[in-house]
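**Student:** curious how this folds, go ahead:
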Amino acid sequence: MPTFATDNSASEHASTAGTYVQLHYYDADQVNVGSNSPQKFDSTTCDLSAGLNCPLHIASAVNGETMTVYRGGTRVSDTILFSPGAAKNF
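**Tutor:** Prediction:
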């Protein structure tokens, strides 16, 4: 899932650093969205079981401070995840 680090680093994977989206398939419906700057954590549900064992189509769109994430054409997140004026290195 997308993880946007504040310094655009790719030296190691950190699942909850920067801005991130997590799909928890073991729960069959749990979706976590968070950001370190601003401090934000949201949890929601979305039926993930229908997409098991097939290609996963993810799209994300950033508009200013807001990031929208789609899974298979269904919006799973649409929230403010970036601080005003924050560098977006992607």
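**Student:** which secondary structure element contains the residue most central in space within the chain?
**Tutor:** Nearest to the mean C-alpha position of the chain, by CA atoms, centre = their mean, lies Val21 at 2.3 Å. Val21 is part of strand 19-24 when elements are defined by DSSP states H and E.
**Student:** any idea of the mean pLDDT for that strand?
**Tutor:** For strand 19-24, mean pLDDT is 82.
**Student:** which stretches of this structure have low pLDDT?
**Tutor:** Judged by pLDDT under 70, the chain has its weakly predicted residues at 1-17, 88-90.
**Student:** just to revisit the earlier point, direction included, what does the strand holding Val21 pair against?
**Tutor:** Counting by DSSP bridges, the strands paired with strand 19-24 are strand 3-4 (antiparallel), strand 30-36 (antiparallel).
**Student:** quick check, distance from the longest one to the centre of its chain.
**Tutor:** For strand 30-36, the distance between its averaged C-alpha position and the chain's averaged C-alpha position is 6 Å (CA atoms, centre = their mean, to the nearest Å).
**Student:** the most far-flung residue of the chain relative to its centre and Tyr25, how far apart?
**Tutor:** Distance from the C-alpha centroid of the chain peaks at Asn53, with 20.8 Å (CA atoms, centre = their mean). With distances taken as CB to CB, to the nearest Å, Asn53 is found 10 Å from Tyr25. Glycine gets a C-beta too; all of them are placed from N, C-alpha and C.
**Student:** if we can go back for a sec, distance of the residue farthest from the centre of the chain relative to Tyr26?
**Tutor:** 14 Å.
**Student:** what about the strands in this protein?
**Tutor:** Applying DSSP state E to the chain gives strands spanning 3-4, 19-24, 30-36, 39-45, 58-63, 66-71, 74-80.
**Student:** rebuild those as JSON lines, extending it with distance to Ala87.
**Tutor:** Output for these, formatted as JSON lines (distance: least, CB to CB, whole Å):
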{"stretch": "strand 3-4", "distance to Ala87": "10"}
{"stretch": "strand 19-24", "distance to Ala87": "12"}
{"stretch": "strand 30-36", "distance to Ala87": "13"}
{"stretch": "strand 39-45", "distance to Ala87": "18"}
{"stretch": "strand 58-63", "distance to Ala87": "12"}
{"stretch": "strand 66-71", "distance to Ala87": "14"}
{"stretch": "strand 74-80", "distance to Ala87": "16"}
